[in-house]
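J.: Next come a sequence and a model predicted from it.
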Amino acid sequence: MSDVIVLHPGDTVAVLPARAEACSAPLGSGVPLGAPVAAGHKIARKAMGQGDPVIKFGQIIGRASRPIAIGEHVHTHNCAFSGHDRSHRVGADLARAEAAIPRGKARSFKGYVREDGRVGTRNFIALCATVNCSATVIRRAAAEIEAEGTLAGYPDVDGIAAFAHGTGCGMASTGRGAEILERVLWGHATHPNVGAAIFVGLGCEVMQIGRMQARFGEAGTERFHALTIQETGGTRATIEAIKAKVRDILPQVNATGRSDCPVSALRIGLQCGGSDGFSGITANPALGVASDLIVGQGGGVILSETPEIHGAEELLLRRTTPEVARQLTDCLQWWEEYSAQGGGSMDNNPSPGNKQGGITTILEKSLGAVAKAGATPLRAFYDYAEQVTTPGLSFMDSPGYDPVSATGQIAGGAQIVVFTTGRGSAFGSKPAPTLKLATSDRLMAAMPDDMDLGCGDILSRGVAIEDKGKEIFEAILRVASGARTKSEILELGDNEFQPWQLGAVM
């Protein structure tokens, strides 16, 4: 492992692959460090005056807030968030992106084929609360079903997923907030990883079951069931009614077995959380290679977390069409206004943990985050929780907060979430499992029960990013065929269902 990592010849900073001690000079020249500097942080490769651009990945990540000497630690104390180039060259790299789509032998996985032709990687029974008033009821029913051993003898049922949330009433019945919650609930109930769903409401809430059925269709099919606490006779009676309905539909759900399915049926949600200075160097670009391989097979990948592409949108706009570019830039403008309304800015996104891990500004974070999307064309833009039907790379608007973002991707049809992390994450999701990638050997050793695959050997052992991407691709196919992820073994995912709440609470 070299003393420093230089990511682009034009960079004014280099990255430390390991901790540098005080009084050392990692570049071999320049100012010795006055204090220890952690791995993943940046060292100046050249002297910079106040206001000069700080460049990493060949892109501006901020500007020097005071003079910086060669060899000096570059971080929040001397590098500030700044504006970025918005003279977007839409479509400039579209032809190159088309040529970047890998072509290879068709691959398959073992999945559950549904009546609508979509394919599941898991087979859950979903309990969906339409309102917070029925959240306890569905959680209690799910816990009692598990405790009573009701699922024993049904090996092709992965479990009961209780989707409880904190809203559903005291809200406007029209507008984007209501539309989002409807899409999230219906998207989880009709998800390809769900064999049957039971909607449970109180009865008098804004988010009415019948209204969703009328809007989205499929009312009265055998796969969807509904009841309300008020009509069923109260809390205890409703819990017993849910349990009875589950016992009734279990044989039908269990009868669906796995069969060979093409990779073109997959939609993969791309997530990163607890990012560090290595995220954009190891795990994210390796996931980008795996994303390209999925796209090359005719499948789809979904990039989200809109605040975390701010400053790096050019990398996407250069490989898309004018219409998709307009949708994406309009969305980014909305986010700038939205954050300002709350008294913040887009640079509020890097968390304290991100900064401790070496990320200084949202511009730097975004450049690393976009790497998850690979190099193929951006085909489509989707609003939060919309059904993703377009093959290839799509973008879905969402907050950067991982549970909310992943909830939208899953509602949109993602059957697996792949999640990169540098600081560490205890995230999991249902009904789509989460596959977690560690950016460093240190994290892989520190949290072995949570991390599915390590990407730190890209630095420590010189593993090629392309080879690591192929390894991730194979791991995705194994999980799609039923291999359990670490988060599934830990039984994570019940509390990570978090619909994005927009609009006034009335």
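T.: It's in. Please read these numbers as outputs of a predicted model, since none were measured by experiment. Numbers count the residues shown, from 1 in each chain.

J.: what's the burial count for the closest residue to residue 201 other than its chain neighbours?
T.: Leaving aside its chain neighbours, residue 201 sits nearest to residue 130 (4.0 Å; criterion: C-beta to C-beta, 6 or more residues apart in numbering). Every residue, glycine included, has its C-beta placed from N, CA and C. Residues contacting residue 130 under the criterion other C-beta atoms under 10 Å number 30.

J.: does residue 130 really touch residue 210, like I thought?
T.: No: here residue 130 lies out of contact with residue 210, judged by C-beta atoms under 8 Å, at a distance of 10.3 Å.

J.: Thought residue 121 was touching residue 480, still the case?
T.: Yes: using C-beta under 8 Å, residue 480 makes contact with residue 121 at a distance of 4.5 Å.

J.: who touches both of the two?
T.: 109, 111, 266, 415-416 (C-beta atoms under 8 Å, 6 or more residues apart in numbering).

J.: buried subset of those?
T.: 109, 111, 266, 415-416 (16 or more other C-beta atoms under 10 Å).

J.: Would you mind giving those as TSV with secondary structure and distance to residue 292 added?
T.: Formatted as TSV, these follow (DSSP: H, G, I helix; E, B strand; the rest coil; distance: C-beta to C-beta, whole Å):
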residue	secondary structure	distance to residue 292
109	strand	18
111	strand	21
266	coil	14
415	coil	18
416	strand	16
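
J.: ok, the longest strand along the chain: who's next to it in the sheet?
T.: Using DSSP state E to define each element, the chain has its longest strand at strand 194-201. Take DSSP bridges as the rule and strand 194-201 pairs in its sheet with strand 124-129 (parallel), strand 224-228 (parallel).

J.: Check which helices and strands the next helix or strand after that strand sits against.
T.: Where DSSP states H and E defines the elements, the next helix or strand beyond strand 194-201 is helix 209-216. Contact here means 3 or more C-beta pairs under 8 Å, 6 or more residues apart in numbering; DSSP states H and E; on that basis helix 209-216 packs against helix 176-189, strand 194-201, strand 224-228.

J.: Next, the angle from the last one to helix 209-216.
T.: Angular relation of strand 224-228 and helix 209-216 on a 0 to 180 degree scale: 150 degrees, by axes from the mean of the first three to the mean of the last three C-alpha atoms, to 10 degrees.

J.: same check, this time on the second one
T.: Between the axes of strand 194-201 and helix 209-216, defined by the same axes, to 10 degrees, the angle is 130 degrees.

J.: tell me the angle of strand 194-201 relative to helix 176-189?
T.: Using the same axes, to 10 degrees, strand 194-201 lies at 140 degrees relative to helix 176-189.

J.: what mean pLDDT does strand 194-201 have?
T.: For strand 194-201, mean pLDDT rounds to 96.

J.: likewise the longest one?
T.: For helix 176-189, mean pLDDT is 95.

J.: May I have stretch 171-188 as PDB, with CA atoms only?
T.: Extracted in PDB, the C-alpha atoms of stretch 171-188 (Å, rounded to 0.1, in the frame of the first residue of the first chain):
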ATOM      1  CA  MET A 171     -52.900  14.900   6.600                       C
ATOM      2  CA  ALA A 172     -54.300  16.300   3.400                       C
ATOM      3  CA  SER A 173     -56.100  13.700   1.300                       C
ATOM      4  CA  THR A 174     -54.700  15.100  -1.900                       C
ATOM      5  CA  GLY A 175     -51.300  16.400  -2.900                       C
ATOM      6  CA  ARG A 176     -47.800  14.900  -3.100                       C
ATOM      7  CA  GLY A 177     -47.700  13.700   0.600                       C
ATOM      8  CA  ALA A 178     -50.800  11.600   0.200                       C
ATOM      9  CA  GLU A 179     -49.700  10.300  -3.200                       C
ATOM     10  CA  ILE A 180     -46.300   9.200  -1.800                       C
ATOM     11  CA  LEU A 181     -47.800   7.300   1.100                       C
ATOM     12  CA  GLU A 182     -50.300   5.600  -1.200                       C
ATOM     13  CA  ARG A 183     -47.500   4.600  -3.500                       C
ATOM     14  CA  VAL A 184     -45.300   3.300  -0.700                       C
ATOM     15  CA  LEU A 185     -48.100   1.200   0.900                       C
ATOM     16  CA  TRP A 186     -49.400  -0.200  -2.400                       C
ATOM     17  CA  GLY A 187     -45.800  -0.800  -3.700                       C
ATOM     18  CA  HIS A 188     -44.900  -2.900  -0.700                       C
END
